[in-house]
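In: Sharing a model that was predicted from the sequence below.
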Amino acid sequence: MTEIWQGLIRAVQLLVSFDAEVVEIAARTLRIAGTSSLLAAIISLPLGTLIHFRQFRGKGALINIVQTLYFLPTVIVGLFVFVLLSRAGPLGELGILFTPQAMVVGQMVLITPIMLGMTISALSGVRKELLETATSLGASGSQLGLLVLREARYAVLAALLLGFGRALSELGVAMMVGGNIDGYTRMMTGAIWLATQRGDLELALALGIILLFLALVISIVLNRLQQRRPQ
Amino acid sequence: MTEIWQGLIRAVQLLVSFDAEVVEIAARTLRIAGTSSLLAAIISLPLGTLIHFRQFRGKGALINIVQTLYFLPTVIVGLFVFVLLSRAGPLGELGILFTPQAMVVGQMVLITPIMLGMTISALSGVRKELLETATSLGASGSQLGLLVLREARYAVLAALLLGFGRALSELGVAMMVGGNIDGYTRMMTGAIWLATQRGDLELALALGIILLFLALVISIVLNRLQQRRPQ
Amino acid sequence: MSRPPSMIRITALTHRYGDREVLKGLDLSISRGETFALIGPTGAGKTTLLRIIDLLEMPSSGEICFDDRPVPGSGKQRLQMRRRMSLIHQKPQLFDSSVYDNVACGLRWRGNKETETVRKVGSILETVGLDRYEGRDARTLSGGEAQRVALARALVLEPEVLLLDEPTANLDPVSTSRIERLIRSIARQRSTTMIMATHDMSQGQYLADRIGVLIDGRLVQTGNSTEVFRSPRSEEVAGFVGMENIIEGKVVASAEGIATVKTGSDPDGTTIQAVSDQPVGREVHACVRPEDITLAPATHRSSARNSFRGTVTGVASSGPLSRVEVDCGFALVALVTRLSTEELGLEEGAAVVADFKATAVHVIERSAHR
Amino acid sequence: MSRPPSMIRITALTHRYGDREVLKGLDLSISRGETFALIGPTGAGKTTLLRIIDLLEMPSSGEICFDDRPVPGSGKQRLQMRRRMSLIHQKPQLFDSSVYDNVACGLRWRGNKETETVRKVGSILETVGLDRYEGRDARTLSGGEAQRVALARALVLEPEVLLLDEPTANLDPVSTSRIERLIRSIARQRSTTMIMATHDMSQGQYLADRIGVLIDGRLVQTGNSTEVFRSPRSEEVAGFVGMENIIEGKVVASAEGIATVKTGSDPDGTTIQAVSDQPVGREVHACVRPEDITLAPATHRSSARNSFRGTVTGVASSGPLSRVEVDCGFALVALVTRLSTEELGLEEGAAVVADFKATAVHVIERSAHR
Amino acid sequence: RVPALKIATTSSLYDTGLWAHLEPLFEEQHGVKLHVFRVGTGIALDHGKRGDVDAVVIHDRTREEEFVAGGYGVERVPFAYNYFMIVGPEDDPAGIAGLKPEDAFRKLLEDGAQDPDRIVFISRGDDSGTHAKEKAIWQAAGFAYHEVQESSWSKARDGYVKAARGMGPTLLMANEKGAYTLTDNGTFLAYKGNLELVPIVETGAMLLNEYSVIAVNPDRHPGTNAEMAGNLVEFLTSPDIQDIIGSYGVDEYGVPLFSPCAGAEPGE
Ligand SMILES: Nc1ncnc2c1ncn2[C@@H]1O[C@H](COP(=O)(O)OP(=O)(O)OP(=O)(O)O)[C@@H](O)[C@H]1O
Ligand SMILES: Nc1ncnc2c1ncn2[C@@H]1O[C@H](COP(=O)(O)OP(=O)(O)OP(=O)(O)O)[C@@H](O)[C@H]1O
Ligand SMILES: [Mg+2]
Ligand SMILES: [Mg+2]
């Protein structure tokens, strides 16, 4: 229990002292997780909207598969991307294994199914009648897509947040694909993990608290954005 | 790339030969993740419904905090529960550290915020008018809760699935709190992790594929259940 | 007056949304077994009032007594009260399940036995003309079918108080009269208290014991249908209840309860005789319902107190009636049967005599604030 | 017949939901600038037909031509066509944004300049009586306000074809006539083609050039309002369009275009004279609209071809008219003005004479299959 | 971007902070970025086999020799060593203090079968270098490893526990359960503050723990940075660095954590 208090105190100390290393790791974490979330969102929003609107054979099966990928363990994603990018693997030529780019790729594999699946279920909450009204008023396919995203914005934002949260808090991909290299590919979770391995539980807790603090700020900002009515 | 094929072949071999150890680990994984998901659902559904319906000061803030907890890294949850349950910790008396029970507790800490938060956003998709209609027809608070869960069943099921998926695919809690003990607390992800540590990437991939296969079966079954109309 | 005990009594009820005052100090008491119709323009606050009575919303201020007991604050007690009522919302919202489940839900929520529920649901669906619809997915119903399911869902509960918000807005005339007869028979047989918001004036007249006119959040007049439709208290009400002829004038003579109203502003304007107590010199509106005006050929010698020669300026027929506009110095609108229109050869330019009785004229004091 | 080019032509249109056939082989052609009203009982298929015309749904079979071109399969071309139309849905669905945004969206989707949009939206909101509502959250509007926003949203697009599904179902009489006048003026000024589903018969009569009666998925009759309301083609239509008096009988004589119909089955039943070509011996229905029957005191000597003595069995008044049921061997329903009801002292048990002309009787061959 | 030299190293070297200490020295000397992966022995070797790293630095002699024999590595170069130790609860319930490691293990197994609740041993169970050493000691004690795993001691709920985790968490677990475990001294020293465990058996030839560096064979993976890998081997065996390794840890723990052995097998 004392560890938790000490962790808290340490967290506050690190935060107020603006510890250079912590700041650097936090910035890197946000950059990498932010990039992968952004890219995953850019894929998921239109694709999810498309899947939502189109009727095709195997749609149910596709959604089932996407939902199954929610269960992808990070180690497996890490391993899979690792095998692909490893020098002996098919994309070994790129030589991006153990780089932030590779981590972005891995995280995208991890979170795109989540964002995609949750976007689809968010959209399915929008009434059919509303969409037909818009169709009658002459909305084109993409205009309809924007409308449905707007109507479901609360749930869509939740889906995006969830994906971002997963990217921010995952460890397996960062470890397997990034290599947890000090000063280059180490993210918050990697630092936390290392601290636990070294027996510095206080530091681990402190870093965890800082990560959550970051997350809180982000989720407040996003929620504010979402609540502000567009003029 | 060959590893992926070999992993696939190995996965099929393990599946068809009904490898005793894999079956045991898979069963344990389902039992533990299933228990924690069930308990988390039992907490989240009524609590989420309550939060959805009640208006109170700080509701927005509460939801923000819950959403922030989506970001909880598994290591941190593991560490936190470890510190609580360790002999020196406040709940050390229970002596349940490194047991499946402890893992259930840890996983609940991890997934309850996800189930709760996603349930709340699922419910927020149900039209106010519908609820007022039910109220007019004499639905009590709990009846209203059941109705709203039913109306949002698609999204609620997605939330539960997501939580279950997180429990099934997480590693940090199982390692920190369960100890990844052979034959006792080792789950699929622990076995996968171990295989990667040993450098047996094939086995790791094979186990990963089996885990996904399990997940696929579960998500198909749940989706079927949800589509079947209650009489 | 010894009235039966009041089922719903509202005192000084005010409701605000944001800083819009939507209901402005209403007082209203409705007796057990009474059928009360709320009429008023769109946005007047009818739905809001029904919602407040159904305890869906807490009024900003004012008091409501239900069955002579003030409405409690506790959720459980409110639920008890609410379960004695049933509100049919203006936009029927059906649950995402079968028609049967939709109609059964209220009974289930009250813990009815399922066998009982099956019987009741079957019989009410038959009553609203939807037998064999039990198994249908409620979301695929047509507008009118949905409306009838919503009705059935409320009626099956046999509530003590039935609140209806535009119950027949989506129905064709045949279904409408079927539902109207149903509502009427329920009101009579079960002596259910009913409050209905309707924009269908004739529905209000046909079904209600008493009518309240709600305009801009104020209950400007309540009374039986004759009072409301023939003696509106203000120009506003007069306009709303279809008194299309509202003629400005001034009382110039008054004798034996008959007032003479000079129309227009010029000194030798036409005069209208009306049964009224308004004193000489008062600025008034003389109001006449279009259906109280008879038209006759120009050759006709009339015995009516008010008889004016004029020229037809327009004829519009809709259904069994024609609406004929006549210029006889001032503009008059008359509603006559299509039969007479044809017999009299009423068409633009035709010369006619427009007659109406002194009793058909309702005189309202012209309010200063206009 | 040289008709103007058809704007919408439907051939052998059939639509199924599951294995319910909701539209059964419709043929219909609507000319540019025409106003067409679809009337029919709830669940007849009106909404389905409008949805298919608006290209929201693909019919199960049959062809639709829009502006003389068959409706294409490609989404893009369908969008082009759809943008020339505008459907006001039966249940108005407003988007979760301001009233302004709701009305502006169609213009924005068509890429209009925002300054233009501001002007147009402002002006249409004024027209429907909702100026100063721009900033309101659309979800907080009352039923009638929402309906008007939905109307404004479609009208602001100035479509070539306007499809209206029960456009005034939620409106009070004052708003209704305002909207009706608006629709009428749009039809005239812009020569917009209009198809409206309505359950308000008088609205259909007032606004439409032509009326189609849709019953159980079949377009059983189309024609102008006189044809539909006075000469229904079948008993079914007769019942639906308010010909409340449908008397079974048999033609016993026929001369100079006047048929004599003996009512009932007993040999010395009453006879009715009707303008009709039906041959002697044919089993028929003699139909009379209630408003075509005049009631007179029992002492009255009538010159009408059909004049029956009877006893009043019921009086119900609603609005300007009273519905009087008379037993004169067979049951008759007459609609008379409230004025006459009072003058004649019509009440249960009163003896009266019911008159109607031979031209007021519409004779339909009794179909074998009943 | 500065070219990077990638090495996979075992956790015990990394967690003691030795690499963090050496890294800037090497980077400055050779103008290169050093990317150090902290991984298990198995995956370190695998990284080496597929050419994803340029060198591996580990402590499992048997597998190192296999690696080189398989043509994956250039040469196995030992550069430092220290000793494993058996740690356990202070009251030493099995009474193994002072025994030779193999005798201690035999006693643990025999007594543990009688009283598995009190005599508990946590095994790394993950094929790490430490686990390999544990198996070797069992072998020396006269048991095939599968015999240990199938013993009644192992079958009991507590008793012989195979928990596959890192060394540090294994120590924490042993601490929680009041159990014995085999650990390298570096990790033990790092964790000491959190532990109630004490060293029970620290001497015996079996406990020798040697660390070697192997450059990945450039013939197999032409893309690897063979030249710089050679520089690393040279660096680690250079006298200056050997001195630094030999004194590392004195500041923090009061004792050196490693003994240098510059390319030669440490004397036994
Ligand atoms: N939640 C709300 N927030 C703000 N204004 C509201 C809200 N609900 C209703 N109003 C406004 O209150 C007024 C009264 O609404 P109400 O629904 O009671 O009218 P109504 O008499 O039922 O009208 P209608 O005949 O059109 O249904 C309307 O002007 C409406 O815009
Ligand atoms: N998606 C659907 N699936 C099955 N049946 C449907 C579906 N949509 C409509 N129907 C049925 O088709 C019939 C015609 O419906 P439609 O909505 O066209 O009627 P309508 O003439 O507009 O009736 P109303 O006047 O009540 O609006 C109805 O009986 C309805 O129940
Ligand atoms: Mg209303
Ligand atoms: Mg319809």
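Out: Perfect, thanks for sending it. Keep in mind that this is a model prediction, so the values were computed, not measured. Ligands and ions are numbered 1, 2, ... in the order given.

In: State whether A:Ile43 and A:Ile114 are indeed in contact, as I suppose.
Out: No: taking contacts as CB atoms under 8 Å, A:Ile43 lies outside contact range of A:Ile114: 11.8 Å. Just so you know, the C-beta spots here come from the backbone N, C-alpha and C atoms, and that holds for glycine as well.

In: More neighbours: these two, which one.
Out: The residue with more neighbours, out of A:Ile43 and A:Ile114, is A:Ile114; 27 against 14, by other CB atoms under 10 Å in any protein chain shown.

In: Quick check: that one touching A:Ala159?
Out: Yes: using CB under 8 Å, A:Ile114 is in contact with A:Ala159, at 7.4 Å.

In: What sits closest to the residue nearest to the spatial centre of chain A if chain neighbours are left out?
Out: The centroid of chain A falls nearest to A:Phe164 when counting by CA atoms, centre = their mean (2.6 Å). Among residues not flanking A:Phe164 along the chain, A:Ser37 sits closest, at 4.1 Å (CB to CB, 6 or more residues apart in numbering or on different chains).

In: can you check C:Leu130 too?
Out: Distances taken as CB to CB, 6+ apart place C:Arg148 nearest to C:Leu130, at 5.7 Å, with adjacent residues excluded.

In: mind listing what the one you found touches?
Out: Counting by CB atoms under 8 Å, 6 or more residues apart in numbering or on different chains, C:Arg148 touches C:128-130, C:171, C:175, C:179, D:42.

In: rerun that using 10 Å as the cut-off
Out: C:92, C:99, C:124-125, C:127-130, C:133, C:141-142, C:167-168, C:170-171, C:175, C:178-179, C:182, D:42-43 (CB atoms under 10 Å, 6 or more residues apart in numbering or on different chains).

In: go on, C:Ile52?
Out: Applying CB under 10 Å, 6+ apart to C:Ile52 gives the contacts C:10, C:13, C:15, C:22-23, C:26, C:45, C:58-60, C:62, C:64, C:71.

In: 7 Å instead?
Out: C:13, C:15, C:59, C:64 (CB atoms under 7 Å, 6 or more residues apart in numbering or on different chains).

In: quick revisit: you'd agree the residue nearest to the centre of chain A is up against A:Leu38?
Out: No: contact status for A:Phe164 versus A:Leu38: not in contact, 8.9 Å apart, counting by CB atoms under 7 Å.

In: show me where chain E has strands.
Out: For chain E, applying DSSP state E gives strands covering E:4-10, E:33-39, E:55-58, E:73-88, E:121-123, E:160-162, E:180-184, E:198-201, E:208-216, E:259-260.

In: got the ones you listed as JSON lines, with mean neighbour count, mean pLDDT and distance to A:Leu8 columns?
Out: Formatted as JSON lines, those follow (neighbours: other CB atoms under 10 Å in any protein chain shown; pLDDT from 0 to 100; distance: least, CB to CB, whole Å):
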{"stretch": "strand E:4-10", "mean neighbour count": "23", "mean pLDDT": "91", "distance to A:Leu8": "33"}
{"stretch": "strand E:33-39", "mean neighbour count": "22", "mean pLDDT": "91", "distance to A:Leu8": "27"}
{"stretch": "strand E:55-58", "mean neighbour count": "28", "mean pLDDT": "94", "distance to A:Leu8": "37"}
{"stretch": "strand E:73-88", "mean neighbour count": "22", "mean pLDDT": "94", "distance to A:Leu8": "31"}
{"stretch": "strand E:121-123", "mean neighbour count": "27", "mean pLDDT": "95", "distance to A:Leu8": "30"}
{"stretch": "strand E:160-162", "mean neighbour count": "25", "mean pLDDT": "93", "distance to A:Leu8": "32"}
{"stretch": "strand E:180-184", "mean neighbour count": "26", "mean pLDDT": "95", "distance to A:Leu8": "30"}
{"stretch": "strand E:198-201", "mean neighbour count": "19", "mean pLDDT": "94", "distance to A:Leu8": "31"}
{"stretch": "strand E:208-216", "mean neighbour count": "24", "mean pLDDT": "94", "distance to A:Leu8": "38"}
{"stretch": "strand E:259-260", "mean neighbour count": "18", "mean pLDDT": "92", "distance to A:Leu8": "41"}
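
In: who wins for proximity to A:Ala155 among those?
Out: With CB to CB as the criterion, A:Ala155 lies closest to strand E:33-39 of the strands of chain E, at 40.2 Å.

In: Could you see whether chain B lies near that closest one?
Out: No: on the criterion CB under 7 Å from any CB of the partner chain, strand E:33-39 is out of touch with chain B, staying 7.6 Å away.

In: what's the angle between the strand or helix carrying A:Val105 and helix B:100-123?
Out: Counting by DSSP states H and E, the element that carries A:Val105 is helix A:100-123. The directions of helix A:100-123 and helix B:100-123 differ by 60 degrees, with axes from the mean of the first three to the mean of the last three CA atoms, to 10 degrees as the criterion.

In: List the buried residues in helix A:100-123.
Out: By 16 or more other CB atoms under 10 Å in any protein chain shown, the buried positions in helix A:100-123 come out as A:100-123.

In: Tell me where the chain has helices.
Out: If you meant another chain, say so; for now it's chain A. Secondary structure of chain A (DSSP state H): helices at A:2-16, A:20-53, A:59-68, A:74-85, A:100-123, A:128-136, A:141-151, A:153-169, A:172-173, A:188-198, A:201-227.

In: Correction: the question concerned chain C.
Out: Here chain C has its helices, by DSSP H, at C:46-53, C:75-82, C:99-109, C:114-127, C:143-155, C:173-189, C:201-207, C:225-230, C:235-240, C:338-344.
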